[in-house]
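Chemist: what shape does this take:
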Amino acid sequence: MLIKSYEISKKDLNFSSFFLIYGENIGLKQDIIKSVLELKEKRNGKYKLFKFEEEEIIKNQNNFFNLIFSGSLFDEKKAIFINRITDKLFNLISEISAKDAKDTLIFFEASQLEKKSKIRNLFEKDKNLVCVACYQDNNYDLIKIIKDEIKQTKVKLSTESINLLVERASGDRNNLRNEINKLKSFALNKQVVSYDQVKELTNMTGNYQNDYIVNICLNGDKKKFDKALKKNNFLLEDFFILLKTFSKKIHRLLKIKILNHSEKNLDQIFNQLRPPIFWKEKEDVKKQLKLWNEKKLNLIIRKINEIELNCKKNHEISKNITLDFLSTVCDEVNNYS
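Modeler: Residues are numbered from 1 along each chain as shown. The predicted structure follows:
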């Protein structure tokens, strides 16, 4: 059953134990999973969490079946998360979704799934399964998030400040919430936060924004890239945001390349993208499209997945992992063209 992302909090979802959540909007996917889990726990009590990658399930299918369908001595309810799934799991998912999972809740997470995807079609057509597509946020979505978050405080922000937050979020609601939390911490005893204060506090406190750093990296401008890194006063969480911004821009370049197969005008393609490309970034994107081909974009996307997993496993050195990766990409851009 296909359910719109904004309908999740309004639906009674207790009829299903199986959820497919796919799309490029990582923050929205996380919000939906959180909402579903909260709704389920409100009715059924706490769930014990288990997380897997697709390859782990493929290699250990018997253990996976046992985890879902075997009882627990302590009568534990289980919430299982499987990341980055593809149609490789179709037969397995078809089999388990036809059974009664009882006290087990299963989330299948994927990036883009084409209309012909077997898993997507299974979830969309079966009334006992839930399918949610998570498309990129537009500026209206991000402004609503800001207003909802700020409404919980006494802080007042100008329209100019709100627009600045939206721009610096780079279309990423997780990035946006990180910046809002910085503002909340700063404004504990304040009623008004000025535009200049917002500008100074948000999105890596130096003179360079995430978008700028990632763009000069993708442009292969090593001199500007090194200068930007030296100028910024990085926090640990900034590197996760930086890596996410890089990932989004690489995926966007690949999407434009694919759309451009039909020989559409580039400006037409830019206008149909969601979120749209800011006017001042268009020249950078055009340059990057000349530097990067599809084969190399796909190779980098696979590498990004490895880097993200490495950062999660080695949180304390994630700064070095991210910077080494971006530096290498910047050095070798000309080899990718």
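Chemist: do a quick rundown of the helices in the stretch 201-337 of the chain.
Modeler: Ranges of helices within the stretch 201-337 of the chain are 210-218, 222-231, 236-259, 266-272, 282-291, 294-313, 318-336, based on DSSP state H, counting those that start in this stretch.
Chemist: identify whichever of these lies nearest to residue 5.
Modeler: Across these, residue 5 has its closest neighbour in helix 236-259 (18.0 Å, Cβ to Cβ). To be clear about C-beta, it is placed using only N, CA and C from the backbone, and glycine gets the same treatment.
Chemist: and the closest residue to residue 210 other than its chain neighbours, what does it touch?
Modeler: In space, and not counting its chain neighbours, residue 210 is closest to residue 245: 4.4 Å by Cβ to Cβ, 6 or more residues apart in numbering. Counting by Cβ atoms under 8 Å, 6 or more residues apart in numbering, residue 245 makes contact with 170, 172, 175, 210, 211, 214.
Chemist: quick one: secondary structure of residue 20?
Modeler: Recorded secondary structure, residue 20: strand (DSSP: H, G, I helix; E, B strand; the rest coil).
Chemist: let's have the chain start at 661 instead
Modeler: In the new count, where the first residue is 661, that last one comes out as residue 680.
Chemist: what's the closest non-adjacent residue to it?
Modeler: That would be residue 783: by Cβ to Cβ, 6+ apart, it lies 4.1 Å from residue 680.
Chemist: list the buried ones in whatever helix or strand the one you found lives in?
Modeler: Residue 783 belongs to helix 778-785 when assigned by DSSP states H and E. Using 16 or more other Cβ atoms under 10 Å as the burial criterion, the residues of helix 778-785 that qualify are 779, 780, 782, 783, 784.
Chemist: what about the helices in the stretch 711-860 of the chain?
Modeler: Using DSSP H, counting those that start in this stretch, helices in the stretch 711-860 of the chain cover 714-719, 721-729, 750-757, 778-785, 799-811, 819-829, 833-846, 855-861.
Chemist: residue 969: which of those helices is closest?
Modeler: Short answer: helix 714-719, nearest of the helices of the stretch 711-860 of the chain by Cβ to Cβ, at 11.1 Å.
Chemist: for that closest one, name the packing helices and strands.
Modeler: Identification of packing neighbours for helix 714-719 by 3 or more Cβ pairs under 8 Å, 6 or more residues apart in numbering; DSSP states H and E yields strand 737-743.
Chemist: contacts for the strand it packs on next, please.
Modeler: 693, 697, 700, 704-714, 717, 727-728, 732, 749, 763-769.
Chemist: any weak-confidence spans in the stretch 761-910 of the chain?
Modeler: 863-868, 891-898 (pLDDT under 70).
Chemist: can you do 80?
Modeler: 761-762, 814, 827-831, 835, 845-851, 860-870, 889-901 (pLDDT under 80).
Chemist: what is residue 682 paired to in the beta sheet?
Modeler: With DSSP bridges as the criterion, residue 682 is bridged to residue 770, residue 793.
Chemist: list the contacts for it?
Modeler: 689, 769, 770, 771, 772, 773, 780, 791, 792, 793, 794.
Chemist: separation between residue 771 and residue 777?
Modeler: Distance of residue 771 to residue 777, computed by Cβ to Cβ, to the nearest Å: 11 Å.
Chemist: go on, residue 912?
Modeler: In terms of Cβ to Cβ, residue 912 sits 21 Å off from residue 777.
Chemist: please apply the same query to residue 707.
Modeler: Taken as Cβ to Cβ, the span from residue 707 to residue 777 is 27 Å.
Chemist: can you pull the contacts of residue 846?
Modeler: So residue 846 contacts 853, 857, 861 (Cβ under 8 Å, 6+ apart).
Chemist: okay, it and residue 859: tell me how far apart.
Modeler: For residue 846, the distance to residue 859 - Cβ to Cβ - is 12 Å.
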